[in-house]
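Colleague: Need a 3D model of the sequence below.
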Amino acid sequence: MNTRSFIGLVLLISLFASTPQLAQEQTKKLTPGDIYKLKTVGNPEISPEGHWLLYTLTTTDSAKDNRNSDIWMTSWDGTNSVQLTNTPEGENNPKWSPDGKFISFTASRNGGKNQIFLLNRLGGEAIKLTDIKGELSDYDWSPDSKKILLTVKDPLDSTQKAGQPFVIDRYQFKQDVAGYRYDDRKSHLYLFDVNEKDTPDKPGPRKRPGTPGPKPPPPAYRTTR
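Modeller: Prediction:
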C-alpha cells in the first residue's frame with residue numbers, strides 16, 4: 001500500500017468512527033445473522049488536490065449468497081458523500097487520474113471479463129475503456145494521465161479438453177484459497193494509450209466501418225514467474 005492509500009485508509013476509518021450512528025451505544029445483542037448486515041470499506045484513494053476520498057463499500061446479500069461492492073466518494077471532512085456506482089455486478093479498484101479529471105475502476109459487466117471503466121469526475125455514465133482478452137490483475141496511471149500500465153495474465157488455453165489431467169511441475173503444488181497450482185500462465189505488462197480511446201470529455205479516433213482494428217501492442221515487460 002502506498003503512502004496516499006495508507007493516509008486515505010486512516011482518514012476513512014476516522015470519518016466512519018466519528019459518525020453519530022456508530023458512536024451511539026449499542027444495546028442489542030449480536031446474533032449470527034448480523035454478520036451479513038456489516039458493511040466493509042476499502043481501496044481508499046485521495047484525490048490529487050486532497051479534497052475528496054474514493055472508497056469501495058461492500059455489502060452482503062445472504063439470500064443470494066453474494067457480495068457487492070460499489071464506489072463512493074466523500075469529502076475530506078466527511079460532510080458530503082456521493083455514491084458513484086450502483087450495479088448488480090459491482091465495481092472495485094477505483095483510482096483517480098493524476099490530472100483529477102477522471103475516476104477509473106474495474107468491473108465485469110454483462111457477463112464479460114474484468115475491464116477498466118472510466119468515469120468523468122463531473123458526472124455522466126462510465127464507459128468501458130479496455131477490451132482485454134486475458135485476465136486483468138492490476139493497473140496504474142502514468143503521471144501525465146495519458147497512459148495506463150496494465151498487468152494482464154495470458155488467456156486460458158482453449159485447447160484444454162474437459163477431463164484432461166493437469167500437470168503440476170512445481171514444488172509448492174497447493175496453496176490456500178488458490179488450490180492446486182497447475183496454472184502456469186504468464187503475466188505481462190502493457191501500456192494502454194488513453195488518447196486512442198473515446199473518453200467522457202472528448203471523442204477519440206474511430207476506425208472506418210469494415211476496417212480492421214489496431215493490433216494489440218507487444219508486452220512492455222514479460223515476467224518469468
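
Colleague: Nearest spatial neighbour of residue 108, chain-adjacent residues omitted?
Modeller: residue 114 (4.8 Å; C-beta to C-beta, 6 or more residues apart in numbering). In short, each C-beta sits where N, CA and C put it, glycine included.

Colleague: what's the neighbour count on that neighbour?
Modeller: 17 (other C-beta atoms under 10 Å).

Colleague: try residue 38
Modeller: For residue 38, the neighbour count with other C-beta under 10 Å is 10.

Colleague: Please tell me how far it sits from residue 126.
Modeller: 27 Å (C-beta to C-beta, to the nearest Å).

Colleague: cool, and residue 160?
Modeller: Residue 160 is 34 Å from residue 126, by C-beta to C-beta.

Colleague: Name all residues that make contact with residue 160.
Modeller: Contact analysis of residue 160 by C-beta atoms under 8 Å, 6 or more residues apart in numbering lists nothing.

Colleague: Please, which helix or strand holds it?
Modeller: Counting by DSSP states H and E, there is no helix or strand that carries residue 160.

Colleague: wait, doesn't residue 46 sit right on residue 53?
Modeller: Yes. In terms of C-beta atoms under 8 Å, residue 46 counts as a neighbour of residue 53; the distance is 5.7 Å.

Colleague: neighbour count winner among these two?
Modeller: Legend: neighbour count by other C-beta under 10 Å for residue 46 and residue 53, higher for residue 53 (23 against 20).

Colleague: did I read that right, that one in a helix?
Modeller: No. Residue 53 is assigned strand when assessed by DSSP: H, G, I helix; E, B strand; the rest coil, not a helix.

Colleague: Name the SS class of the residue nearest to the spatial centre of the chain, please.
Modeller: Taking C-alpha atoms, centre = their mean, the centroid of the chain lies closest to residue 93, which sits 2.7 Å from it. Recorded secondary structure, residue 93: strand (three-state DSSP).

Colleague: OK, contacts around the residue of the chain most remote from its centre?
Modeller: The outermost residue of the chain, judged against the average C-alpha position, is residue 27 (37.1 Å), by C-alpha atoms, centre = their mean. By C-beta under 8 Å, 6+ apart, the contact set of residue 27 is empty.

Colleague: quick one, what contacts residue 138?
Modeller: Taking C-beta under 8 Å, 6+ apart as the test, what residue 138 contacts is 93, 150-151.
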